[in-house]
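> Any chance you could fold what I've pasted below:
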Amino acid sequence: MAKSRYSLNLGKPFGIKVSIHWTFLLLIAWIVFITLRQGLGAVQVLMHILFVLTLFVCVVLHEFGHSLTAIKLGGKVKSITLLPIGGMANITEMPEKPKDEFLVSAAGPMVNIVIAGILWVYLGLFHTVDAEAMEFESITASNFPVILLAANIFIVAFNLIPAFPMDGGRLFRSALSIYMSRMKATRIAKDIGQVFAIIFIFAGLFLNPFLIVIGFFIFLGAKGEYEMMKYQDILKNYIVEDILQTDYEKIDAEDSLGEAADKLMHISDNGFVVISGGDYAGILTKNNLIKGLSVHGKKGRIKDVMSENIKSTSPDTTLFDAFKNMQQNKYDMIPVFDKDKFKGILNLDNINEFFMIQKAIR
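Prediction:
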């Protein structure tokens, strides 16, 4: 297992990176605190932790249902991350046909239905359940499979709430997309999702604070998905060459960080194309420069802090694909190459300005 800055990587089954975000530890700590506060013993505390870990295995399988179906239908999946509120599959390319989106969205809940079915068969064949005699105040070896079955049914029911960007909201959008444009369907699904989010937040004030967290997640997620759809609707009609910057600020790889800092203040707002021997060598962003100054001081060299391995794009790439690449990799600037020839740079600020201009023209 490898560590990253914010998460613990568990491996790459099926080529998909799976990791646990550090905030997941807060959930475990909260469970320990609650169970100890209830006066439960060490064995019961461990049973509660084991149950949560088992439940999150079900969540990972749920996300693999989405991910593998998306890949099967031509999509691309980068990672799956476990958070305290559940799992999140980073599907970088979602199939856009309504039927395909419906299948991808339905695949996750179907996994939980299968898990619930397996548990139901197990309980019927090997585990005698006396509902009247069974205690449910804490998790025990006796009620563990029963509660896990109920939890999987709850996951299915909760995910099918038509609140975009949850599974139910995506199913709803895919159904609407049959009868109207994907953009309009997304707007309607977003509005309904935000209504549900407000209901969750309001209910959380009186019932369970966790609902407030879920409500904000849904509200911001719906807004973010809709904003991305607006970018796609406009930028898919243009290519990188349409806003390619061929007039850019250059700096030599051998120059000092102090020289770069002076030029940044007086010449460039974003960063520089780094040149070595007259050829493109990399990109120096504001963040590169600031971090470099803190480590090396003004006498440090550009070549020691510049970004050399930024993924480039080509002039004929659609502007939306380039924008997605920059968003996912947190790039402010990327180089543009036509085959092996450096043509210029693509700047995230320029893409945003171009989007706003085209949106205003519409």
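
> Could you pick out the longest helix of this structure?
helix 42-72 (DSSP state H).

> tell me the contacts of the residue lying closest to residue 66 once chain neighbours are set aside?
Leaving aside its sequence neighbours, residue 66 sits nearest to residue 108 (Cβ to Cβ, 6 or more residues apart in numbering; 4.5 Å). Glycine gets a C-beta too; all of them are placed from N, C-alpha and C. Residue 108 sits next to 62, 63, 65, 66, 159, 167 when contact means Cβ atoms under 8 Å, 6 or more residues apart in numbering.

> repeat that for 10 Å
With contact set as Cβ atoms under 10 Å, 6 or more residues apart in numbering, residue 108 has these partners: 59, 61-67, 69, 87, 89, 155-156, 159, 166-167, 170.

> still on that earlier bit, sheet partners, orientation included, of the following helix or strand past the longest helix of the chain?
Counting by DSSP states H and E, the element after helix 42-72 in chain order, helix or strand, is strand 76-83. Strand 76-83 has its sheet partners listed here by DSSP bridges as strand 17-21 (parallel), strand 86-93 (antiparallel).

> Mean neighbour count, mean pLDDT and distance to residue 126 for the ones you listed - can I get that in CSV?
Below are these laid out as CSV (neighbours: other Cβ atoms under 10 Å; pLDDT from 0 to 100; distance: least, Cβ to Cβ, whole Å):
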stretch, mean neighbour count, mean pLDDT, distance to residue 126
strand 17-21, 19, 83, 30
strand 86-93, 18, 77, 29
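
> Test my guess that residue 61 contacts residue 116.
No: in this structure, residue 61 is not within contact of residue 116 by Cβ atoms under 10 Å, at 11.9 Å.

> With neighbour numbers in mind, choose between the two.
residue 116 (20 against 16; other Cβ atoms under 10 Å).

> Show me what the helix or strand encompassing residue 222 is packed up against.
Assigned by DSSP H and E, residue 222 belongs to helix 209-235. Of the remaining helices and strands, those touching helix 209-235 by 3 or more Cβ pairs under 10 Å, 6 or more residues apart in numbering; DSSP states H and E are strand 86-93, helix 167-176, helix 182-204, helix 319-329, helix 348-361.

> Deepest in the core, which of those is it.
Most buried of these by mean neighbour count (mean count of other Cβ atoms under 10 Å) is helix 167-176; its value is a mean of 23.

> secondary structure element for the residue nearest to residue 66?
Residue 108 belongs to helix 98-126, assigned by DSSP H and E.

> before we move on, what about residue 263?
Secondary structure from DSSP H and E places residue 263 in helix 257-266.

> Kindly export that helix (C-alpha atoms) in CSV.
C-alpha atoms of helix 257-266 as CSV (Å, rounded to 0.1, in the frame of the first residue of the first chain):
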residue,chain,number,x,y,z
LEU,A,257,14.2,32.4,-9.3
GLY,A,258,14.8,36.0,-8.3
GLU,A,259,14.8,37.0,-11.9
ALA,A,260,11.6,35.0,-12.5
ALA,A,261,9.9,36.7,-9.5
ASP,A,262,10.7,40.2,-10.8
LYS,A,263,9.4,39.2,-14.3
LEU,A,264,6.2,37.7,-12.8
MET,A,265,5.5,41.0,-11.0
HIS,A,266,6.0,43.2,-14.0
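
> After that helix, which helix or strand is next?
For helix 257-266, the succeeding helix or strand toward the C-terminus, using DSSP H and E, is strand 271-276.

> Parallel or antiparallel, list what pairs with that following strand.
Strand pairing for strand 271-276, determined by DSSP bridges: strand 250-252 (parallel), strand 279-285 (antiparallel).

> Would you tell me which of the ones you listed gets closest to residue 82?
strand 279-285 (30.8 Å; Cβ to Cβ).

> Pull out the buried positions in that closest one.
Buried positions in strand 279-285, judged by neighbour count with 16 or more other Cβ atoms under 10 Å: 280, 281, 282, 283, 284, 285.

> quick check, nearest of those to residue 193?
Distances from residue 193 to the buried residues of strand 279-285, taken by Cβ to Cβ, are shortest for residue 285, at 34.8 Å.

> circling back to that earlier point, next SSE downstream of the helix holding residue 108?
helix 144-159.

> Quick check: the gap between residue 123 and residue 142.
11 Å (Cβ to Cβ, to the nearest Å).

> whoops, I mixed them up, residue 163
Distance from residue 163 to residue 142, counting by Cβ to Cβ: 35 Å.

> For those two, work out which one has more neighbours and name it.
In this view residue 163 and residue 142 are compared by other Cβ under 10 Å, and residue 163 has more residues nearby, 28 against 14.

> That one belongs to a strand?
No: counting by DSSP: H, G, I helix; E, B strand; the rest coil, residue 163 is not part of a strand but coil.
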